[in-house]
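> Below: sequence and its predicted model.
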Amino acid sequence: MSVEPTPDFAAMATPDLEMRLELAKSRLADAGSHRAHSFNELSIYQIELELRRRALETSKLEIQDVRNRCVGLYDGAPIGYVTLGPTGVIRDANVTATTLLGKDRERLTGWPLLAFAEAGSRDVVLAHLAACRRDGRATSEVKLRGSRGFVWVELRSNGLRSSHVRSASDTHEILTAIIDISDRKQTEHALRVARDELERRVRRRTMELEQANRQLVASAERGERLEMELRLRVDEMARADQNKDEFLAMLAHELRNPLAPIQNAVEVLKLSRGKPDKGDWARMIIARQVVHLRRLVDDLLDLSRITLGKFRIVSEPVDLALVIERAVELAGALIESRRHRLAVRHISSGVIVRGDAERLTQAVANLLNNAAKYTADGGEIRVETSSDGALATVRIVDSGEGMEPELLQRAFDPFAQGDRSLAHAEGGLGIGLTLVRRIVELHGGSVSAHSPGRGEGSTFEVRLPCNPPAARPAGSASRADAGPGTRRRILVVDDNVDAVETLAEMLRLEGHEIRTAQDAENAVMEAVEFHPDVALLDIGLPGMDGYTLADRLRALPEMRNAVLVAVTGYGRSEDFARSAAAGFDHHLVKPIDPSRLEAVLGSEHR
């Protein structure tokens, strides 16, 4: 049995190893002995092992090369990567992840990813890891603490399993990509802010447009209202202008009316050559027309004072029955001249109101005059008073021409009148009812007019607040209560010769002792010599006015107790106040009411 030499396996390790393997296989086929056969099988086996070893080495090198390339990609990736254990503990991290999280690889290893999460993101991280273990992958957005503080990142995780693991829940490792999305978040935030700002501006602009639209609509409506009001104002102004023209024409007519009989009466006095009956008749005519003139002027002044808010009311208890009595006296001449039947009925007795007796009398007299003027001759006028305890009512009913609805609406407007035909000789100025309304309203009352229509008569109702009965209501004393006139020494001062002489003559006829002066210097000399009880001083004197004269007279010992009376054409409230401040005791407005003058002369000395 030949012995085969032991093969030199080192020599076999040549590039031709595969060829030698083929040679060994051919020898095996040719081997005759068992030993030779075994030797050739061993050679083949050794060659195959060497080939396999070489293949494994090559694979290891290739795998290492791939691994090196993967590690290079892992470490050099621009996205942060961390390898986590199943519970989220960091096992490895690439350079980008260490830079992002602000720790090197050794310091990161062993830390749970949850430790880097912001408090508000921790639940999200836990849910993310759970989802990855359950489903094998997960994506979330959280805030992690890094080198720049907390930054927004996106976590994209994939579970890594061994080849024999079939369930995703048996995840061996988790590869998590950490992508910095802070710029995107800032952009999104900026976009949200911009969107919110845009929406806010849109809402604000929409509101502005809606408001502008409402304002335009309101302006249009206001424009329509203003246009309508303007038309009404134009109509009112036209009507007021027409009323003014008619009022001026009526004023001229009303002033000429009394002047004509006065002038005629003066001529009668000249021609009568001292006949007593003609003289008395002429004087009666003149006196009646002067009263009419004074009433016209007083009404105009009262309307002016009311318009300017300077109308004075003296508030005191007033007997309403006495007001009606005096008003009937004032309107009696007109009622008698028109042959009207007047009936006065007091349904409630002892009615006391609070107010100014003189002004209330004026208001009722104006209503009676109005009823008399617009009622045909021989008509009926009824006056009724009543009270319910809280309000007193004065009702004046006439059988006159009545009023249409249009006239009823403006019956109390200034210068408004009904029929102004020449048949109404006492047409007046059209301010009587205006004064009635203003006077009644100043007393806290109201006045209204009613009429069924043209030719059906009119009813006027005045309502005034009642006042509990007082011990002695104003005006309750009759004229008979006043004692006989006392003879006085009176100094009359006026630069108008006719005015001073006529007033002096009237006072002399009443039994007074009179001295006159037409300027301040002569008035002072007369006062020193005459020692007057009363001085009637005109305000508009030449050189020294009446106010200064009053001050000088008060400084004289002879005038210390004298009564100073301002006699002037000025009757405004400030004129009354100024005369009182200058030391006057009384203020009389021209033309002087004789009864007022008599009351002043009967007053006590200072």
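That came through, no problem.
> Tyr74: neighbour count?
By the measure other C-beta atoms under 10 Å, the count of residues near Tyr74 is 18. (Glycine included, C-beta is placed from N, CA and C.)
> Same check on Val153?
Counted with other C-beta under 10 Å, Val153 comes out at 25.
> Ser579 now?
Residues within reach of Ser579, counting by other C-beta under 10 Å, total 24.
> pLDDT score assigned to it?
Here the pLDDT value assigned to Ser579 is 87.
> and whichever helix or strand it is part of, C-alpha only, in PDB?
When secondary structure is defined using DSSP states H and E, the element that contains Ser579 is helix 573-581. As requested, the backbone C-alpha atoms of helix 573-581 are provided in PDB (Å, rounded to 0.1, in the frame of the first residue of the first chain):
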ATOM      1  CA  SER A 573     -86.600 143.200  34.300                       C
ATOM      2  CA  GLU A 574     -83.100 144.600  34.200                       C
ATOM      3  CA  ASP A 575     -84.500 148.100  34.200                       C
ATOM      4  CA  PHE A 576     -86.500 147.300  37.400                       C
ATOM      5  CA  ALA A 577     -83.300 145.800  38.900                       C
ATOM      6  CA  ARG A 578     -81.200 148.800  38.000                       C
ATOM      7  CA  SER A 579     -83.600 151.400  39.400                       C
ATOM      8  CA  ALA A 580     -83.800 149.500  42.600                       C
ATOM      9  CA  ALA A 581     -80.000 149.300  42.900                       C
END
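> Could I get the buried residue list for it?
Of the residues in helix 573-581, those buried under the neighbour-count criterion (16 or more other C-beta atoms under 10 Å) are Asp575, Phe576, Arg578, Ser579.
> could you check the distance from the last one over to Gly546?
For Ser579, the distance to Gly546 equals 8 Å [C-beta to C-beta, to the nearest Å].
> now the third one
Counting by C-beta to C-beta, the gap from Arg578 to Gly546 is 10 Å.
> now do the second one
According to C-beta to C-beta, Phe576 stands 14 Å off from Gly546.
> How about residues contacting the helix or strand containing Glu106?
Element membership of Glu106, judged by DSSP H and E, is helix 105-108. Among residues not part of helix 105-108, those counted as contacts by C-beta atoms under 8 Å, 6 or more residues apart in numbering are Val82, Ile90, Asp92, Ala93, Ala97, Thr98, Leu101.
> Which members of those are positioned in strands?
The members of these that map onto strands under DSSP state E are Val82, Ile90, Asp92, Ala93.
> that older thread, could I get the helix holding Glu106 in CSV with only the CA atoms?
As requested, C-alpha coordinates have been extracted for helix 105-108 and formatted as CSV (Å, rounded to 0.1, in the frame of the first residue of the first chain):
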residue,chain,number,x,y,z
ARG,A,105,-22.4,61.0,22.3
GLU,A,106,-21.0,59.6,25.6
ARG,A,107,-23.2,62.0,27.7
LEU,A,108,-26.3,61.3,25.7
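> List the buried residues of that helix.
Buried, per 16+ other C-beta under 10 Å, within helix 105-108: Leu108.
> Between the two ends of stretch 523-540, what distance do you get?
Distances were taken as C-alpha to C-alpha, to the nearest Å; on that basis the terminal residues of stretch 523-540 are 14 Å apart.
> Could you look up the next helix or strand downstream of the lengthiest helix in the chain?
When secondary structure is assigned using DSSP state H, the longest helix within the chain turns out to be helix 182-271. Downstream of helix 182-271, the first helix or strand assigned by DSSP H and E is helix 276-307.
> what is the orientation angle of that next one with helix 573-581?
An angle of 100 degrees separates the directions of helix 276-307 and helix 573-581 when computed by axes from the mean of the first three to the mean of the last three C-alpha atoms, to 10 degrees.
> and helix 276-307, how far from the chain's centre?
Relative to the centre of its chain, helix 276-307 is centred 50 Å away, using C-alpha atoms, centre = their mean, to the nearest Å.
> which residues touch Asp398?
Ala371, Ala372, Tyr374, Thr375, Gly379, Glu380, Ile381, Arg382, Gly457, Ser458, Thr459.
> isn't there a strand covering the last one?
Read that as Thr459. Yes: the secondary structure assignment for Thr459 places it in a strand, going by DSSP: H, G, I helix; E, B strand; the rest coil.
> May I have the beta-bridge partners of it?
Legend: beta-bridge partners of Thr459 under DSSP bridges are Val397, His450.
> In this structure it contacts Ala411, no?
No: counting by C-beta atoms under 8 Å, Ala411 is not a contact partner of Thr459; they are 11.6 Å apart.
> higher neighbour count, those two?
A count of neighbours by other C-beta under 10 Å puts Ala411 above the other of Thr459 and Ala411, at 22 against 18.
> Just give the nearest non-adjacent residue to the more buried one, would you?
Distances taken as C-beta to C-beta, 6 or more residues apart in numbering put Ala449 closest to Ala411, at 4.7 Å, once the chain neighbours are dropped.
> Please report the distance of that neighbour from Asp196.
Distance of Ala449 to Asp196, computed by C-beta to C-beta: 68 Å.
> Which one of these two is surrounded by more residues?
Under the criterion of other C-beta under 10 Å, the comparison of Ala449 against Asp196 puts Ala449 first, with 19 against 10.
> List the residues that contact that one.
Under the contact definition (C-beta under 8 Å, 6+ apart), the residues listed for Ala449 are Met403, Leu408, Ala411, Phe412, Leu433, Ser458, Thr459, Phe460.
> With Ser458 instead?
Applying C-beta under 8 Å, 6+ apart, we find Ser458 in contact with Ala371, Tyr374, Val397, Asp398, Gly400, Gly402, Met403, Ala449, His450, Ser451.
> try Tyr547
With contacts defined as C-beta under 8 Å, 6+ apart, Tyr547 is in contact with Ile539, Arg578, Ser579, Ala582.
> Would you convert these into TSV that also reports distance to Ser59?
Formatted as TSV, the entries for the contacts of Tyr547 read as follows, by distance: C-beta to C-beta, whole Å:
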residue	distance to Ser59
Ile539	139
Arg578	132
Ser579	136
Ala582	136
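> wait, which of those residues is closest to Arg508?
Distance from Arg508 was checked for each of those by C-beta to C-beta. The minimum falls on Ile539, at 23.5 Å.
> most neighbours, which of the contacts of Asp398?
Greatest neighbour count in those, by other C-beta under 10 Å, goes to Ala371: 29 neighbours.
> Quickly find the element holding Thr516.
Applying DSSP H and E, one finds Thr516 within strand 513-517.
> Report the rounded mean pLDDT for the helix or strand just after that strand.
Using DSSP H and E, the helix or strand that directly follows strand 513-517 along the chain is helix 520-530. Per-region confidence: helix 520-530 scores 90 on mean pLDDT.
> For the contacts of Ser458, work out which two are farthest apart.
Maximum pairwise distance in the contacts of Ser458, criterion C-beta to C-beta, is 14.2 Å, between Tyr374 and His450.
> picking that back up, can I get the contacts of Ala449 in JSON lines including distance to Arg161 and pLDDT?
JSON lines is the format used below for these (distance: C-beta to C-beta, whole Å; pLDDT from 0 to 100):
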{"residue": "Met403", "distance to Arg161": "112", "pLDDT": "82"}
{"residue": "Leu408", "distance to Arg161": "107", "pLDDT": "72"}
{"residue": "Ala411", "distance to Arg161": "109", "pLDDT": "75"}
{"residue": "Phe412", "distance to Arg161": "107", "pLDDT": "77"}
{"residue": "Leu433", "distance to Arg161": "112", "pLDDT": "84"}
{"residue": "Ser458", "distance to Arg161": "115", "pLDDT": "91"}
{"residue": "Thr459", "distance to Arg161": "113", "pLDDT": "91"}
{"residue": "Phe460", "distance to Arg161": "113", "pLDDT": "92"}
